[in-house]
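1. Dropping a prediction and its sequence here:
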There are 2 protein chains.
Amino acid sequence: MAEGDSVVFIGKKPFMNYVTGVVMQFNSGAKEVTVKARGKYISRAVDVAEVVRNRFVQDAKIKDIKISSEEFEGEEGKKVRISTIEIVLSKE
Amino acid sequence: MAEGDSVVFIGKKPFMNYVTGVVMQFNSGAKEVTVKARGKYISRAVDVAEVVRNRFVQDAKIKDIKISSEEFEGEEGKKVRISTIEIVLSKE
């Protein structure tokens, strides 16, 4: 896998699944892992990044954080906006 | 008020209170407004920043985003970690 290709998408699975997912990517040689989430899972993405960095991969740094919006058509054709986050963790 | 002094801390009040708070800071001449939140309110902080930027202050840019952790003593002296976010919005 090319550098920067590792992505972990945060959802409703148990919290530690995502932490382990990121840690495993680093342990298999990834220099960068991107944690992505939408809507209410954004807080969780920040938690995952912070727990990885503080407890498991202490040489991991936050390289970049982007926030953005996605629009899609909800019920009855209404446009719905949802926020997104991408946190890029990198290891020296 | 010096530039960069405007802070809006996101909590459990109605969503639009915070949006209006940020917009009013810009309208009273602030060049930068920082949106801060902790824990589960982080998703909301991202929503506030995105709604301000997309609907109300369209020349506002995201200048910086920082995530971090705070530790405090919870019940029975246990250490509790909580994630934080700071989103700096700036206007040209």
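-> Received, thanks.
2. For chain A, which residues are neighbours of chain B?
-> Residues of chain A found near chain B (Cβ under 8 Å from any Cβ of the partner chain) are A:39-43, A:46-47, A:49-51, A:54, A:62, A:65-69, A:81, A:83, A:85, A:87. C-betas here are computed from N, CA, C, even on glycine.
3. Run through who's touching stretch A:63-75.
-> A:32, A:38, A:79-90, B:46, B:49-50, B:54, B:62, B:65-67, B:87 (Cβ atoms under 8 Å, 6 or more residues apart in numbering or on different chains).
4. Please, where are all the helices along chain A?
-> With helices called from DSSP state H, chain A shows them at A:15-27, A:42-51.
5. Same list (these) but as TSV, adding mean neighbour count.
-> TSV is the format used below for the helices of chain A (neighbours: other Cβ atoms under 10 Å in any protein chain shown):
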stretch	mean neighbour count
helix A:15-27	18
helix A:42-51	25
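6. Reformat the ones you listed as CSV; add distance to A:V7.
-> Formatted as CSV, those follow (distance: least, Cβ to Cβ, whole Å):
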stretch, distance to A:V7
helix A:15-27, 9
helix A:42-51, 11
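7. Any regions of chain A where pLDDT drops low?
-> Counting by pLDDT under 70, the ranges of chain A that qualify are A:1-4.
8. Just list whatever residues bridge to the spatially most central residue of it.
-> Chain A has A:V35 as the residue nearest its centroid, 1.4 Å off, counting by Cα atoms, centre = their mean. A:V35 forms beta bridges with A:V8, A:I87, as assigned by DSSP bridges.
9. was I right about it contacting A:T84?
-> No. Counting by Cβ atoms under 8 Å, A:V35 does not reach A:T84; the two are 11.5 Å apart.
10. buried set for stretch A:79-92?
-> Within stretch A:79-92, the residues that count as buried by 16 or more other Cβ atoms under 10 Å in any protein chain shown are A:I82, A:S83, A:T84, A:I85, A:I87, A:V88, A:L89, A:S90, A:K91.
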